[in-house]
Structures are given as C-alpha cells and as structure tokens.
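Student: Just the structure for this:
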Amino acid sequence: MSAYKDEYKEYTMGLALFDIMPVLLFLASGLIMYSMYGSMLLLAGVLSCFTGGLCKAVWKMIIVISKKDLTGLTRAFHILMPAGLALMILSVPAGGRAAFSGLRRSITMMPAAILFIAAFALMCLMGYLGSHMDNSASSNWIEELANTLAQLAFLIGVIIVYFGTYYHADAAALAALESTEDVSVIEITKESDGADGWLFDGPGTDSALVFYPGAKVEAASYSPLLKEISLHGADCYLCRMPLNFALLGKNAAEDIRAVNKGNYGKWYIGGHSLGGVAAAMTADDAEEEGNAAEWDGLILLAAYPTGELSTPVLSIYGSEDKVLNSEKYAETESEGLWPDDFTEIIIEGGNHAQFGSYGEQKGDGRTGTDAAKQQKETAEAVSNWIKR
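Tutor: Numbering: from 1, shown residues only. The predicted structure follows:
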C-alpha cells in the first residue's frame, strides 16, 4: 500500500463505477469472439484482460470508499492486461491458416471495419492522454470516456461480424429453388404471405409445414429437404429469418398461418437446431392460447424444446451429430418435456449439418452418409409421420 495522494480526493463513486463499463463491454466482445472461434488461448486472454480491468476499477472504488491506495491492484492491472493481449494475439497463429483467414474476413467486413478503425484510434487517443495528463479525476473521466467509446465501437463491430458470418447455401440448395414439374417453388414476402422466404407447392393439398432454419445458416440451405418433403405430399413454407436467427422471427409461422388459414386442413411447424427451438417456443405459445391456436404437430431436426409440450412431436437427429447438446436433449425426457405423442427417429450415419445443404459445420461429427441421402430419409420420415 502506498501513500494516499491528494489528487485522489477528487475521485467519486461515479468515476469508479464508470470505469467498469469499458471492462464489461470488452468482456462481451471477447465472449462473442470466443463463441465464433472457440480458441482457449483467446478465452484465456480475454479473461486475463477482464480481470486486469476489474482490478483497476476495484482499486478506484477502494480509493473512494476507504481512502486507501492498494497498489497491488494497479500492479495486477499492469501485468494482466498486457499478458491477456499477448495471449489473444498468440491465439491467431496457434489457430493456423483458418484463424488467419477468419481474422482477415472479420477485420475487413463492412461496416465493422470502420468501427474497428474507430476503436483503434480511440485506444491510441486514450494511451496518449494517459501519458500526457495527470492522475486527477478530470483526467480519468476523459480517459475512461475515450476507452468506453472505443470498447463500444469494438463491441458493435464484433456483433456485426457475428451476425454477418454464417453458413451459405451450396449449389445443390440454390438449384433446388428452381421449380420442377412436380413442385412449384414460389418466393413469398411478408406483405403478401406473412413472412419472407419460399413456398414449396407440391402435389399435396391438405397439409402444410412451416420451417425455421438453424442459427447462422442461410435459409435457402434447406430447399432440397423441403422440396423433397413437399414432393411427398405436404406443402412447405421456408422462412427467411432476420440476421439468420429464427429467435428474431419467432412469430413468422403464426403470420403465415393467419394469411393462409383456409388453404390447408392441417398445419405443422418445425425447424433445425436453434430454428427447432424457436419452432417449439411458437408451438408452446399456441398451446397457452387455447385449442384453436394449436398446431397439429411439431417437427424437430437436431433440436429440443425448452418447455413442456402437449403438441405431437417428431424428433429426428443423426447418429454422428456432435453439435446437438446430447445432455440437454436427454434432460428433455428426464424432465418430462416431451408430449405423450412423441416419435423419435435416429438417422444412422447422419450428422447435424446435412439436414441442410451448406457444407461442413464446425464441431460436427464425420458422416457415414451424404446430405442427399440424409435429407431423403428425413423427408420420408416426416411424410410418414404426417400421413399416419
């Protein structure tokens, strides 16, 4: 502990609390980056920087509350912060070519690139101010304001990259958006049909399925699967979601059903992965509204509900799926969330990504079958379940 300096008398609790703001903004950015790249070195660096910044904020609080200068906290800040930044930088070469490629795409993505430049400029300004100004409260306010603006700009940039980085539909998916003799593919809009996306109008006339895509997956990736399902007798509505996140467009199915209410006798809702979770939420909401609003069935592909359901459920997943949280899926049964009318089908050799046509997915298992076969088996299972 060192002597309490007179200039510290100007410090207030407001300044101490404000000092936490850029620390929390940085932590949010770091955790989002970790969720994208999965590097433990990156996570260690983020947590080191966060702990260092927290030490500095706590130091100011102690200054204000007890008038004591705990230099150990500031010493920890000066050790943990550069160590954390070093670990974050090292995570790039440790990640190999993929990490360099991902970094290049991230920092050049517009308009995120502008925000990253602004954040860097503000951090440089903060460093300049820190070396040319005294340690008074007014100087600290200016420095922390620059730091907060820098971290806010960086966080917004990271969020833009997060939502702007997604799996794209492959050639097979784009080809499936073309109409054939048996299935007409019609682009729909929110204004005319309740949601943006496509209608796969096959030979069936009685049943319709509204489908939600998985998180960060281009909706068109599911066109081969839904075209196959529609060929088996159930027309399919494929929803294009805001920022490729079904949770942001959870009510799309209800809007489609409301606009096209008299066109079908039976309505089903389904989705893949997080899209399945959103579909289950929609079905759950309908149950709470009463019988007239309920869906005739819920179809989950590599997904599970978050609440107890009474709507009939068909659950399909691949035996080699390494993305689906198997523990959470098992808890669904142990917690009694599945309805009495529940059917489970496991596709041998199937994995998580091949319900769609968007290539390999990070962390997924190696498949023992190809995407076309997995989608065909899925379409047959869905059709048989609807027709039962």
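Student: pLDDT below threshold where in the stretch 251-388 of the chain?
Tutor: Applying pLDDT under 70 to the stretch 251-388 of the chain flags the ranges 290-292.
Student: Specify the next element, helix or strand, located C-terminal of whichever strand or helix holds residue 238.
Tutor: In the assignment (DSSP states H and E), residue 238 maps to strand 234-239. On the C-terminal side of strand 234-239, the closest following helix or strand by DSSP H and E is helix 252-259.
Student: Helices along the protein, start to end?
Tutor: Under the criterion DSSP state H, the chain carries helices at the ranges 13-18, 20-37, 40-66, 71-94, 96-108, 112-132, 137-164, 171-175, 190-193, 223-231, 252-259, 274-289, 326-334, 371-387.
Student: how about these in JSON lines, adding mean neighbour count?
Tutor: Where you see a C-beta, it was placed from the backbone N, CA and C, and this is true even at glycine. Formatted as JSON lines, the entries for the helices of the chain read as follows, by neighbours: other CB atoms under 10 Å:
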{"stretch": "helix 13-18", "mean neighbour count": "15"}
{"stretch": "helix 20-37", "mean neighbour count": "18"}
{"stretch": "helix 40-66", "mean neighbour count": "19"}
{"stretch": "helix 71-94", "mean neighbour count": "16"}
{"stretch": "helix 96-108", "mean neighbour count": "13"}
{"stretch": "helix 112-132", "mean neighbour count": "15"}
{"stretch": "helix 137-164", "mean neighbour count": "19"}
{"stretch": "helix 171-175", "mean neighbour count": "15"}
{"stretch": "helix 190-193", "mean neighbour count": "13"}
{"stretch": "helix 223-231", "mean neighbour count": "26"}
{"stretch": "helix 252-259", "mean neighbour count": "20"}
{"stretch": "helix 274-289", "mean neighbour count": "22"}
{"stretch": "helix 326-334", "mean neighbour count": "12"}
{"stretch": "helix 371-387", "mean neighbour count": "19"}
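Student: Please identify which of the ones you listed is closest to residue 342.
Tutor: For the helices of the chain, proximity to residue 342 was assessed by CB to CB; helix 326-334 is nearest, at 8.8 Å.
Student: Going by the annotation, which residue ranges form each domain of this protein?
Tutor: 6-164, 171-387 (automatic domain parsing).
Student: What is the end-to-end distance of the last one?
Tutor: Think domain 171-387. When the termini of domain 171-387 are compared using CA to CA, to the nearest Å, they are 31 Å apart.
Student: so who does the nearest residue to residue 90 once chain neighbours are set aside touch?
Tutor: In this structure, residue 90 finds its nearest non-sequential neighbour in residue 41, 5.8 Å apart by CB to CB, 6 or more residues apart in numbering. With contacts taken as CB atoms under 8 Å, 6 or more residues apart in numbering, residue 41 has the following neighbours: 87-88, 90-91, 94.
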